[in-house]
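**Q** A predicted structure for the sequence below; I have some questions about it.
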Amino acid sequence: MIKEIISIADEKMKKTIAVLKHELSSMKAGRANSAMLDRINVECYGSLVPLSQIANISAPEARVLLIQPWDKSSMKEIERAILKSDLGLNPSNDGISMRLIIPELTEETRKNLMKNIKKTGEEGKVAIRSIRRDANDKIKTLKKNSEISEDEVKKTEDIIQKETDKFIKEVDKIIDTKEKQIMSV
């Protein structure tokens, strides 16, 4: 039972890290990255479809994204979806493909981006701490029901705390890496 609680907490923390990495990869960092467009859904064939499912997205240059729809009739809808997004990019449409030029980051843009990165990192830490709290609550419930001893409670809480510390450090490392990436562009 204890191993199961620890295993579940560990798995949830790993998923939190994966979500954090995905969130950060979709933030504009002055470099062309197809993950920036992951959140864009296009009105196509009567429903909202992720852009990556109706077009090939590549980065032929450091600051250019090239979008090549498989169905050329969806170009207008793709352009509309990009303009509506929070990316602030203006697509250049030549009828066959679409180019997105990623602008250089200004000092103000970098500062705002850093705030968002730190906020996202803090949200990740809060999620990890919440997972720790839930696991500890389950352990305390087992103790209350006399299923485990006080020593087992203490030992298990220490294991969960070490896992929490490990994942919090990983969040810090991911945030530091992203900050260096933003500042070096």
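**A** On my side now, so go ahead. Numbers count the residues shown, from 1 in each chain.
**Q** So the residue nearest the centre of the chain versus residue 155, what's the distance?
**A** For the chain, the residue nearest the mean C-alpha position is residue 23 (1.8 Å; CA atoms, centre = their mean). Going from residue 23 to residue 155 by CB to CB, to the nearest Å gives 34 Å. Placement of C-beta: from N, CA and C, glycine included.
**Q** what about the residue nearest to the centre of the chain, which SS state?
**A** Assigned by DSSP: H, G, I helix; E, B strand; the rest coil, the conformation of residue 23 is helix.
**Q** For it, give its distance to residue 119.
**A** 10 Å.
**Q** How about residue 16?
**A** To residue 119, residue 16 is 15 Å away according to CB to CB.
**Q** These two: which is more packed in?
**A** Shown here are residue 16 and residue 119; by other CB atoms under 10 Å, residue 16 has more neighbours (21 against 10).
**Q** isn't that one right up against residue 124?
**A** Yes - using CB atoms under 8 Å as the test, residue 16 is close enough to residue 124 to be in contact (5.8 Å).
**Q** ok, which stretches of the protein are helices?
**A** 2-25, 75-84, 107-144, 150-184 (DSSP state H).
**Q** Of all those, which one is nearest residue 66?
**A** With CB to CB as the measure, helix 75-84 is the member of these nearest residue 66 (12.3 Å).
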